[in-house]
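[1] Need coordinates for the below:
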Amino acid sequence: MKITKLVVASHNDGKITEIKSLLSPLHIEVQSAKELRLADVEETGKTFEENAKIKAKALSLMCGLPCLADDSGLCIDALEGRPGVYSARYAPNRDFKTAMDMLLKEIKDSGSINRDAHFSCCLALACPNEKIKIYEGRVDGKIAEKPKGKNGFGYDPIFIPDGYEQTFAELSDEIKNQISHRRRALEQFIKELK
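    I've put the predicted structure just below:
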């Protein structure tokens, strides 16, 4: 597969920066839906894969270029996998501080001592006139007692990946990018490009 230009179907600056950084060694011209002023696409799927496919296909049709869409989220065992596919929408007006406070309260109210969680990422690649390809990644960990750290975005301040004592938001971008769910999905995509 030969791709020289790629559109990332996102308006999330943190996600765009992370994907561009991971793809930079490939010398692919990467632009975001935000940069191209492409409309946001409503995520009506019930799974990460369905949402990623919806976004990738719609934006590829809008711009006529290969489009990589990501749907990802935090899945907390004590909350039966919530917020899951609703991770972004769970944060009122994208206020993740409020969303983290709500989740921590829900875990406490559940009475569960289980703090296991994982981040899931599903990438969908839509190229004009080709079948959509799927790449998935996951990182397991635990939910912190309280938000910690200033790096990262979204729910990073409450997620401690397995093998570490710091949250994603306390780890450097370099370390996070080596172990993240998005990295693991992108590695499959990169392998196919090579």
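[2] in which helix or strand would I find K131?
    K131 is part of no helix or strand, with elements assigned from DSSP states H and E.
[3] Need the pLDDT of it.
    Here, the pLDDT recorded for K131 equals 93.
[4] now swap in the one 4 residues further on and tell me
    pLDDT recorded at Y135 is 97.
[5] what does M1 give?
    67.
[6] just R182 next, same as before
    Taking R182 on its own, its pLDDT is 89.
[7] That one contacts G137, doesn't it?
    Yes. At 6.3 Å, R182 counts as touching G137 under the criterion of CB atoms under 8 Å. Bear in mind the C-beta positions are built from the backbone N, C-alpha and C, glycine included.
[8] overlap in contacts of these two?
    When contacts are counted by CB atoms under 8 Å, 6 or more residues apart in numbering, R182 and G137 have C121, L123 as shared neighbours.
[9] In a helix, F189, correct?
    Yes. Under DSSP: H, G, I helix; E, B strand; the rest coil, F189 sits within a helix.
[10] contacting residues for it?
    Counting by CB under 8 Å, 6+ apart, the residues that F189 touches are L68, L123, L125, K133, Y135.
[11] Could you do K146 as well?
    L104, I158.
[12] Skipping its backbone neighbours, what lies nearest E49 in space?
    Distances taken as CB to CB, 6 or more residues apart in numbering place C122 nearest to E49, at 4.7 Å, with adjacent residues excluded.
[13] does the one you found belong to a helix or a strand, and which?
    Using DSSP H and E, C122 maps to strand 116-126.
[14] List the strands paired with that strand, with their directions.
    Sheet partners assigned to strand 116-126 using DSSP bridges are listed as strand 67-76 (antiparallel), strand 133-143 (antiparallel).
[15] roughly how far is the helix or strand of the chain with the lowest mean pLDDT from the heart of the chain?
    Every helix and strand of the chain was ranked by mean pLDDT, DSSP states H and E. The lowest is helix 13-23, at a mean of 81. How far helix 13-23 lies from its chain's middle: 10 Å, per CA atoms, centre = their mean, to the nearest Å.
[16] next structured bit after it?
    Next helix or strand after helix 13-23 toward the C-terminus (DSSP H and E): strand 29-32.
[17] out of everything not next to it in sequence, what's closest to the residue positioned nearest the centre of the chain?
    Per CA atoms, centre = their mean, the C-alpha nearest to the average position across the chain is that of S72, at 3.7 Å. By the measure of CB to CB, 6+ apart, the closest residue to S72 outside its immediate chain neighbours is C121, 3.9 Å from it.
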